[in-house]
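> Just to be clear, the model below is a prediction. Sequence and coordinates:
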Amino acid sequence: MSGGRVYHQDYIARIRYSNVLPPPPNPPKLLEIPNTGLASGQYTSAGFASRLAREQPLNVEADAELGMPIDLVGLPGVFEGDDSVLLASDEPVSLHPHDRALLRPLSTLGKPSSLAGGVSFLRRTEYMTAAGGGGHSGLRDPGKRLAPKRKKQTDAEKNEPINILRSILKGFDIAYPQDAYKGPDTVQNLRGEEITAEERRAWDHPRHPAKPNLKLVDSYPVLPDLEAVTETGGYIVAKFQTNPIANQGPAYDERVDAGLLRVLEPTAEQDEAYRVRLAEHEAAMAAEGNNDGGASRTAAAAAAKGPSPPQPHYDYEFFLPASHEAVRGLKRKFSTTDPGREDEALYDAEKTEATGRRCFRFDRIRCYETYQQTGNPHDPYDETVALALHDGGNSPAAGEEGRLQKGAYYYPIVQRTFIRPKRKAQRTPGMQLDDEQENRVDVLEIEVREPDEREVADRQGFREKLEGEGELAEA
C-alpha cells in the first residue's frame, strides 16, 4: 500500500573544489638520511636535529650589512666625518611603557612582577620599598641590603680534602674557642669553618637525638694516653670462652686482674694453616688489584684499604698469682704514682735460685688455644678501641695524685683473640711426649723492671706516629 508514513531525509552531496597551489619559488632541499628504524634511537635522540644543523652548510650568502640595509643619507654630519650621531646618546632614551617588558632579564621571565607596578595589593607591607611611601628599616639600610649571602657548599665541595680539614678544625674551635686560630687563612695555617649559632647552641646545650628528655650529667674530652703506648703499638684483647677459674664461688677473684698468658711456640700444623690463609689472602688481594687496573700496592696500604691480613694462631698457657695478697703488691709495682713501688717487700716469694732476690710467683692453670681472631696490626684504630674514663684528682688505687687529667682516654686494639681450653691429646703407652708437654712451664717467677733502651725507642716511635711528628719529619 502507498499510504504509509513519510520519512524526511537530508541529501548530502560531496563537492570537491580544486585548490591548485603554484610551486614554491625555492625548491626544498632533500637530505639523504639512512633509514635505520625507530628501534635504533637515531631519530628520537635529542642530538639528531643538532647534528644535522652542524653537518649541513648554509646556502644563504650574507652580505656586508647582514641583510639589513643602512641608509645614512638622513643622518646629519655623517659624510662630513662626524660619527657622534652613530654613537649611543649619553641621555637615556625614554622608553614606551609597552617596550619596558622587552628589556626584562631572562632570569625574571615567568616570575610575578607585582613589585614593578604601582599597585599595593598582593604585596606584603613590610616588603614595600621607600619609593612606595615607606618600607622596612632593614631594606632602607644600605649596609644590610648590600650584605653578601653566604653560599652553601655542595656535596662535591664538602668532600674535598681541604674542606674536610676545615670541618674538623671547626669541631675543635667549638670545643676550645680560646685556642681557635684567628690568623690569615693559608694552606699551611687553615682556619676552621664558620661556626653557626645553631652549632654553638647544640654544643652548649646538648640533647639526645632519640631521647630529648635525658639530661647531660657530665662530659669528658676524648684524648689519647701517650704515656701508655706500648712497644707493639697497641693492646691485645683476649676473651675466654669459659670461666678461667674453676669453682670460683660467688666472690670475685682479684687474681684475674693480674693473670698472665704465656705464648707457646707454634706447631707444624699451625704454621701450615697460617701459610694457607696467607696464600688465600694474597690471591684475593692480587685479584682485586687486577680489577683495579693492575696498580700495585704495598702491604700496609693494602691492609689499610682492603681486608686485614691473617695473623698466626697461637696456644697460650694461663697463669695466676699464687696468693691473693700478691695482687695488691703487683698493682703497686706497676703504678707510676706510688712512691713505694721500688720496695722489695711488695714481692710475695723468693726466687728458686740462691740469689736472695724476691719475685712474684705465678702458677699454671691450664692451656688455651685460639679459635677466632680479628684485628689489623697496620691500623690499630680500624675496628675496636678501648675507652677509659678518668675523673682526674687522686688515684683510687694508691691514694696519690693521678697522672691523667679528666677525660675519656682511648687505647688502640691491634688484635682481638678468642681462646678456649685446649683438649688434652690422647697418648698410647710408649708414645713420646709432644712439644706441649716438653715446653710446659708450671711456675713463673716474675720480676718487674724498667724498660730498656730498645723498648723505650719502640714506644717513642709509636708515640711520635700518634702525635703526627713522624710524618712531619719525613716530609
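Nice, I can see it. Residues are numbered from 1 along each chain as shown.
> how's the chain carved up into domains?
Listed domain ranges for the chain are 155-204, 222-266+313-424+435-474, 280-312 (source: automatic domain parsing).
> What mean pLDDT does the shortest one get?
Averaged across domain 280-312, the pLDDT comes to 66.
> Show the end-to-end separation of that domain, please.
14 Å (Cα to Cα, to the nearest Å).
> Out of the domains of the chain, which is the most enclosed?
domain 222-266+313-424+435-474 (a mean of 15; mean count of other Cβ atoms under 10 Å). The C-beta positions use only the backbone N, C-alpha and C, and glycine is treated the same way.
> How far away from the center of its chain is it?
33 Å (Cα atoms, centre = their mean, to the nearest Å).
> Point out where the stretch 1-150 of the chain drops to low pLDDT.
Residue ranges of the stretch 1-150 of the chain with pLDDT under 70: 1-3, 59-69, 110-150.
> could I get the domains of the chain as TSV with distance to residue 82?
Converted to TSV, the domains of the chain look like this (distance: least, Cβ to Cβ, whole Å):
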stretch	distance to residue 82
domain 155-204	55
domain 222-266+313-424+435-474	73
domain 280-312	71
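> of all those, which lies closest to residue 35?
domain 280-312 (41.7 Å; Cβ to Cβ).
> returning to what we had before: relative to residue 4, which of the domains of the chain is closest?
Nearest to residue 4, of the domains of the chain and by Cβ to Cβ, is domain 155-204 at 86.7 Å.
> Residue 319 belongs to a strand?
Yes. Residue 319 forms part of a strand when assessed by DSSP: H, G, I helix; E, B strand; the rest coil.
> contacting residues for the closest residue to it other than its chain neighbours?
Distance criterion Cβ to Cβ, 6 or more residues apart in numbering; nearest residue to residue 319, sequence neighbours excluded, is residue 362 at 3.9 Å. Counting by Cβ atoms under 8 Å, 6 or more residues apart in numbering, residue 362 touches 260, 319-322, 443-446.
> In the residues you listed, find the pair that's most separated.
Among the contacts of residue 362, 320 and 445 lie farthest apart (Cβ to Cβ), at 14.0 Å.
> which ones are touching residue 228?
409, 411.
> how close does it get to residue 374?
Distance from residue 228 to residue 374, counting by Cβ to Cβ, to the nearest Å: 22 Å.
> With residue 196 instead?
40 Å.
> follow-up on the earlier one: of the domains of the chain, which is nearest residue 32?
Between the domains of the chain, domain 280-312 lies closest to residue 32; by Cβ to Cβ that is 43.9 Å.
> pLDDT of the longest strand anywhere in the chain, averaged?
For the chain, the strand with the greatest residue count under DSSP state E is strand 358-374. Averaged across strand 358-374, the pLDDT comes to 91.
> in its sheet, what does that strand sit against?
Sheet pairing of strand 358-374 (DSSP bridges) gives strand 315-321 (antiparallel), strand 349-350 (antiparallel), strand 407-421 (antiparallel), strand 443-446 (antiparallel).
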